[in-house]
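A.B. asks: Mind looking at a prediction? Sequence and model below.
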Number of protein chains: 2
Amino acid sequence: MKKLLLIVSCLIAATTSFAQQASTWIWYPGDFEVWLSNDMQNRRTERGTFFPPFWKMDSHYVLVEFNKAFDLPEADEIAIHAEGKYNVKVNGKMLPGMPSKVKLEKGKQQINIKVYNQAHVPALYVTGKYVQTDKEWLATFEDKEWIDETGKASDASGTTYVKVGYWNMDDPNEKPSQFKLPTRPERAVSKTPHDKGFLVDFGKNTFGFLTLHKLQGEGGLNIYYGESKEEALATETCETLDLLDVSTPSAQDSTLELSKAFRYVYIEPKGNVQFDEVSMQYEYLPVEDRGMFRSSDEELNKIWDVAKYTMELTSREFYIDGIKRDRWIWSGDAYQSYAMNYYLGFDSETVKRTILALRGKEPTITHINTIMDYTFYWFLSIYDYYRYTGDKEFIESVYPRMQTLMEFCLNRRNKDGLMEGLSGDWVFIDWAEGLSKKGEVSFEQLLLCRSLETMALCADLLQIPEDQDFYAKEAKALKDKFFHFYWNDHKTAFVHSRIDGKQTDEVTRYTNMFAIFFDYLSAEQQQGVKKNVLLNDNVKKIMTPYMRYYELEALCALGEKDYVMDQIKSYWGGMLQLGATTFWEEYNPEKEGAEHYTMYGREFGKSLCHSWGASPIYLLGKYYLGVEPTSAGYETYTIAPYLASQEWMEGKVPTPAGEIELHVSKSKIKVKSPIGKGTLKINSTSLPRTNHGQVKKVSENTYTLELEKGIDYEVEYKG
Amino acid sequence: MKKLLLIVSCLIAATTSFAQQASTWIWYPGDFEVWLSNDMQNRRTERGTFFPPFWKMDSHYVLVEFNKAFDLPEADEIAIHAEGKYNVKVNGKMLPGMPSKVKLEKGKQQINIKVYNQAHVPALYVTGKYVQTDKEWLATFEDKEWIDETGKASDASGTTYVKVGYWNMDDPNEKPSQFKLPTRPERAVSKTPHDKGFLVDFGKNTFGFLTLHKLQGEGGLNIYYGESKEEALATETCETLDLLDVSTPSAQDSTLELSKAFRYVYIEPKGNVQFDEVSMQYEYLPVEDRGMFRSSDEELNKIWDVAKYTMELTSREFYIDGIKRDRWIWSGDAYQSYAMNYYLGFDSETVKRTILALRGKEPTITHINTIMDYTFYWFLSIYDYYRYTGDKEFIESVYPRMQTLMEFCLNRRNKDGLMEGLSGDWVFIDWAEGLSKKGEVSFEQLLLCRSLETMALCADLLQIPEDQDFYAKEAKALKDKFFHFYWNDHKTAFVHSRIDGKQTDEVTRYTNMFAIFFDYLSAEQQQGVKKNVLLNDNVKKIMTPYMRYYELEALCALGEKDYVMDQIKSYWGGMLQLGATTFWEEYNPEKEGAEHYTMYGREFGKSLCHSWGASPIYLLGKYYLGVEPTSAGYETYTIAPYLASQEWMEGKVPTPAGEIELHVSKSKIKVKSPIGKGTLKINSTSLPRTNHGQVKKVSENTYTLELEKGIDYEVEYKG
């Protein structure tokens, strides 16, 4: 009787496990991302001219074999959908033709399906009662299955199988090659006759496809887009435009083919062309609405809202830089989008897609985006992703690509073991006039050092001790060198660079501020850097929100949260006061009027909706709501709320299991978490009172409360 | 006056040089070849099932920049055709839109055009009075042209430009992506009712698309193809078939979509389907008819004709193995096709296409076709190509890919510096039952050694002394090892392999015969090998025409031309006596009837039209007509005719400048050459008489005559 029961329960277990699965489209990991990013990044136009990237674009494997072994509790029939020509083997035997239905017998069934597609990514969707394509399938781009003279197949000992790639494409009829972001119609707020045409205002910066209602006539349409009114009206210098021929005898609503970024659109009809209303199809990435921030400070709330909208606009097929101009995936920019995302949509799929698209394929012959620093951010992004999500599977799958990219970097070091820009390398750091890129820049060594530490962490996580040891040693050696070559005791700061083997005299903010939040400095060194660099107006100021992000992060890490709050309000608030509806690529408060729109020597070169402009989301979530994981995936985390100039604030911070909810006033903290073990840190002049758990005193005016998940905590304190 | 004249003549020179150029489609070198070979190699079916290769298939670069600088004697207007989205820069300035016509001013004009295409190869065709796309244009897959914060473009110091790829696509309307081989209609010789359908005979093995005339009805057609009658009628075991649905109310001529190889076709109609005649669209590569051989021996002439037809059928988009089954590009097979081609069509473009397709793209992670020996033949093929054609440009363009492939090989050597099959490597050598692939096989070391010598030769040719030195040293070291490890004085032969550091006892023909024509042996060693291996029936016989090629070449090199002629007549003649209309993949005279068609454990597994079956073309051209270049491109060459059992022979051997024509009887040699300096070698018992030049005595019964091009020589001699 016992035996029978066991069998039954096994069967139930197997069936249950089978039933939990849903089919999804699968492909060789990274290939859809490479293919889709090619498509997206080659959509850029500049004044109607195709404007592609300047780095190597890769391609998918055109021939991929997918396989998985099943042990079926009963016979099954599977339906096969594939993007491309394919063949099917069951238990090593090739089936005739290209079957769309296959019957499988009960018991062990090894399914191998080989798909060829040159134009699109070979992709597979199989569904049956027990057999489904899911993330556990394996794939290879060379099965090496030859047969010898007797007809015997070779073994597969030399074949490398990896787990497949997938996203959320669960419908067999929605093919990966047909993927498009969704759109929804949005109305313009005004359409005004202007000069030879009409000026249309959508009320805020936006992105999508323009729709002209009741378009009719013979002639043309000249359409000039502007993130500002000035730009839309500057027909000779606006960054994007469409010059269209029109031949539409009867009135019809027409939507343009190429998406654009704009708040204003200036439309000049030619010939007898007429149209009625102008609307748009707003194109967006569906992301769950999870992170939230509200406070007693309406300006701050507005900053958060505009940052959120900026992030929404720049989160697309991938995290892109800005919506008007490049619309490319830049590693340094994306690195910040990931961080903001952890405090907003917690959209892990878009992080992974972006990381994979940036990495591209072998051979590795150039830095990511050709930029040395951008290669290093790529490494850093992976461990960050793990820290917030706890997704070890992704680290496992991307680790081989990390190794080869690190090998590329290490092979480019000079005789002193330092990295300097070789022919074709772009040492970027920041958009800043006169910033020296000569010799061995300290900033690059610092990022390489951190990247090596990341490699060691990942190797440790994947339990590859020899790798862990190798990378840790390299990191240690480089860190020693870094201090030896760049730290200047006299300046109590790192210098900017080393040229011809000698320290240069210049001090810039970059290396110094990163060293702070990488926690490379002693308390004394930190104070020196703070005083002599970060709070020293004689050191060249940072003008981009991109590096502002790190500067403010460093100051937060140094406890200067009131100062940072002032900075947030004045810098981002400054853009709002100028009418910004999205945050900019660069902001210099000293400029005036349309001067703000210039960049790269072009009148409207500046992007007015740039992902790196959205960093208040990150700063407010991490340093004011104060939520941060301390082990992977929020298994443990800290909540150290900091009420700066506000009366109260509240918010939600997403985690893998739901949102941590927080309300903070000057005397009370309410908090509830769906996950792990949290530590609430409270600054209070007397022992705080809690409705649950026990407050511990850590030091004078500092207390902690250990949080269990699912409990509504209310803590009263004296701020 | 003088100055004016000078200017005029310069202008004329420039204009002339411009006018000589014709436009042609260009692409990143190797990319069209990779793309086209993907397409071709994924057309294989086995009994209606898609049957793709098992090795890594590469892809083209999706984004390519093309450029060339011109100095125009007057204004020009160019028309631009591109496969893909593109943009155009003239003298660094981007033009608006995607212009199909561009006006260029007189003087210096730098044209950069960037083309993006995911599905097909980015290709470009530009034509004007002075500006044309030709092989002198440059291309890169990453121009690394970023702009700094001031709008200044980076320099291109880190950008690698290479000369473009091209073929013969000179018509702007015939796009590379649309490329198809031409076809011509061919009639069947008979159509006979058989069983439930009809058996159609095309009289000889052929390749193309079946046409059913006046096809009509509702139902289906089951079409079974056979290189033999037995195969076409074996509906359960024939290698290729088409099972088609038919729904054609009114009679129409229908041509099938997929090409097949066949002499016989058995067609079973289903339902009320009817058809009239059956014909075919013969698909072929247009190759000039250049090489020729005729003699007093009709059997030998037939062998040459059938070899020529076999070569015609297997010369397609690339040199493939056989027409029925794989239709893939195999490096070992192609290596022989190249050699035959030098004595037949001298079709350098197909040699280059095949070499490029085989090499594919980086990263190099597997042997070519996964086969170790096939990697080595690839190296050997390149210097051979240079020797016959003198095309140094190709060597220059392919050299970097040779270097990386050799690096891959050298990195796979074991601790003794020898190559053995690693996981996933196929050590092939030959289809031969029981042939050991264990340990370090001597044959592979020999081929690696020859490959290293090839690298040294190419490095020397390209004047890269450090490379030449490196490869020559590696070759020398390996050659020493090769003799040390494998030569057995007792056996006066090389042994087959080394296992666990010890010489094995077995002697096979492969290493020994290659060592002969690689000229690695002393006269004494040669005689030992000849006696103890090549003419020793106790050493396992070779059954494939593939290795027969090398065996007979070795015997020719040893002067055994009468013996080889007997072998040619009995082996290839043997196939003819069995009714072969094309030469086979394998021939064992001891088999009978339909036994001949079996291979790989399948009843009709054997290919009856296999390129490596055509080697008499090569042997007759090189060792009987006796024509061979002694320096690149026939700058110098020898003609050493050898009349074996024939009364007379005549022939043409193609060179880069036309054909060497030769007629040889027992008392007279007539020869005329369009190129270089030749040396006619005459065996004669007395001083030959010539109508031109002067015969020199070299040794007893051996004379030479130095040949000038363009002269009709007639030499009388005593054979």
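C.D. replies: Yep, it's here. Residues are numbered from 1 along each chain as shown, chains lettered A, B, ... in the order given.

A.B. asks: what bits of chain A have low per-residue confidence?
C.D. replies: With pLDDT under 70 as the threshold, chain A has low-confidence stretches at A:1-21, A:151, A:153, A:156.

A.B. asks: if we go to 90?
C.D. replies: Along chain A, the model assigns pLDDT under 90 to residues A:1-22, A:144-158, A:423-424, A:433, A:543, A:719.

A.B. asks: Show me how it divides into domains.
C.D. replies: Per automatic domain parsing, the structural domains of chain A span A:23-178, A:183-283, A:292-622, A:626-716.

A.B. asks: mind putting those domains in CSV, distance to residue B:358 and mean neighbour count included?
C.D. replies: Using the backbone N, CA and C atoms, a C-beta is placed for each residue, glycine as well. CSV is the format used below for the domains of chain A (distance: least, C-beta to C-beta, whole Å; neighbours: other C-beta atoms under 10 Å in any protein chain shown):
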stretch, distance to residue B:358, mean neighbour count
domain A:23-178, 15, 19
domain A:183-283, 40, 18
domain A:292-622, 18, 20
domain A:626-716, 46, 18
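
A.B. asks: Quick one: closest of these to residue B:142.
C.D. replies: Distances from residue B:142 to each of those were compared using C-beta to C-beta; the minimum, 4.3 Å, belongs to domain A:23-178.

A.B. asks: circling back: out of the domains of chain A, which comes closest to residue B:330?
C.D. replies: For the domains of chain A, proximity to residue B:330 was assessed by C-beta to C-beta; domain A:23-178 is nearest, at 10.9 Å.

A.B. asks: one step back: would you list the domains of chain A in a markdown table and tack on distance to residue B:621?
C.D. replies: Supplementary listing: the domains of chain A in a markdown table, determined by distance: least, C-beta to C-beta, whole Å:
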| stretch | distance to residue B:621 |
| --- | --- |
| domain A:23-178 | 30 |
| domain A:183-283 | 59 |
| domain A:292-622 | 41 |
| domain A:626-716 | 70 |
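
A.B. asks: Can you spell out which helices and strands pack onto the helix of greatest length in chain A?
C.D. replies: Assignment by DSSP state H gives helix A:465-486 as the longest helix of chain A. Counting contacts by 3 or more C-beta pairs under 8 Å, 6 or more residues apart in numbering or on different chains; DSSP states H and E, the secondary-structure elements packed against helix A:465-486 are helix A:392-410, helix A:442-461.

A.B. asks: could you say what helices and strands the shortest one packs with?
C.D. replies: For helix A:392-410, the packing partners by 3+ C-beta pairs under 8 Å, 6+ apart come out as strand A:162-163, helix A:348-359, helix A:372-389, helix A:442-461, helix A:465-486.

A.B. asks: Compute the inter-axis angle for that helix and helix A:442-461.
C.D. replies: Between the axis of helix A:392-410 and that of helix A:442-461 there is an angle of 140 degrees, by axes from the mean of the first three to the mean of the last three C-alpha atoms, to 10 degrees.

A.B. asks: residue contacts, residue A:249?
C.D. replies: Remark: with contacts taken as C-beta atoms under 8 Å, 6 or more residues apart in numbering or on different chains, residue A:249 is in contact with A:216, A:218.

A.B. asks: now do the one 10 residues further on
C.D. replies: Taking C-beta under 8 Å, 6+ apart as the definition of contact, the neighbours of residue A:259 are A:43, A:207-209, A:283.

A.B. asks: In the stretch 451-600 of chain A, which residue sits closest to chain B?
C.D. replies: Ranked by C-beta to the nearest C-beta, the top residue of the stretch 451-600 of chain A for proximity to chain B is residue A:600, at 4.2 Å.

A.B. asks: so how far is residue B:603 from that residue?
C.D. replies: As judged by C-beta to C-beta, to the nearest Å, residue A:600 and residue B:603 stand 70 Å apart.

A.B. asks: Check residue A:164 too.
C.D. replies: 37 Å.

A.B. asks: Residue A:290: what secondary structure?
C.D. replies: Taking DSSP: H, G, I helix; E, B strand; the rest coil as the rule, one finds residue A:290 in the coil state.

A.B. asks: Count the neighbours of it for me.
C.D. replies: Summarising burial for residue A:290: neighbours were counted as other C-beta atoms under 10 Å in any protein chain shown, giving 17.

A.B. asks: Wait, it touches residue A:343, no?
C.D. replies: No - contact criterion C-beta atoms under 8 Å: residue A:290 and residue A:343 do not qualify, at 9.1 Å.

A.B. asks: Excluding residues flanking it in the chain, which one is nearest the residue in the stretch 301-450 of chain A that chain B sits nearest to?
C.D. replies: Per C-beta to the nearest C-beta, residue A:424 is where the stretch 301-450 of chain A lies closest to chain B, at 1.6 Å. Distance criterion C-beta to C-beta, 6 or more residues apart in numbering or on different chains; nearest residue to residue A:424, sequence neighbours excluded, is residue B:158 at 1.6 Å.

A.B. asks: List the residues that contact the one you found.
C.D. replies: Counting by C-beta under 8 Å, 6+ apart, residue B:158 touches A:370, A:422-425, B:144.

A.B. asks: hmm, back to that, tell me which two of the contacts of residue A:259 sit farthest apart.
C.D. replies: Greatest spacing in the contacts of residue A:259, by C-beta to C-beta: A:43 and A:208 (12.8 Å).

A.B. asks: Contact residues of the stretch 101-250 of chain A facing chain B?
C.D. replies: Taking C-beta under 8 Å from any C-beta of the partner chain as the criterion, the stretch 101-250 of chain A approaches chain B at residues A:114, A:116, A:118-120, A:141-147, A:149-152, A:154, A:157-159, A:243.

A.B. asks: Now, those residues that are in strands?
C.D. replies: Among these, the subset assigned to strands under DSSP state E consists of A:114, A:116, A:243.

A.B. asks: rewinding a little: can you redo the helices and strands packed on helix A:392-410 as CSV with distance to residue B:379?
C.D. replies: As requested, the helices and strands packed on helix A:392-410 are exported to CSV (distance: least, C-beta to C-beta, whole Å):
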stretch, distance to residue B:379
strand A:162-163, 31
helix A:348-359, 32
helix A:372-389, 34
helix A:442-461, 36
helix A:465-486, 34
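
A.B. asks: and residue A:673, what does it touch?
C.D. replies: Residues in contact with residue A:673, defined by C-beta under 8 Å, 6+ apart, are A:637, A:639, A:655, A:660-661, A:707, A:709-710.

A.B. asks: As JSON lines, these with secondary structure and distance to chain B would be great.
C.D. replies: Rendered in JSON lines, the data for those read as follows (DSSP: H, G, I helix; E, B strand; the rest coil; distance: C-beta to the nearest C-beta, whole Å):
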{"residue": "A:637", "secondary structure": "strand", "distance to chain B": "39"}
{"residue": "A:639", "secondary structure": "strand", "distance to chain B": "40"}
{"residue": "A:655", "secondary structure": "strand", "distance to chain B": "38"}
{"residue": "A:660", "secondary structure": "strand", "distance to chain B": "40"}
{"residue": "A:661", "secondary structure": "strand", "distance to chain B": "42"}
{"residue": "A:707", "secondary structure": "strand", "distance to chain B": "46"}
{"residue": "A:709", "secondary structure": "coil", "distance to chain B": "47"}
{"residue": "A:710", "secondary structure": "coil", "distance to chain B": "49"}
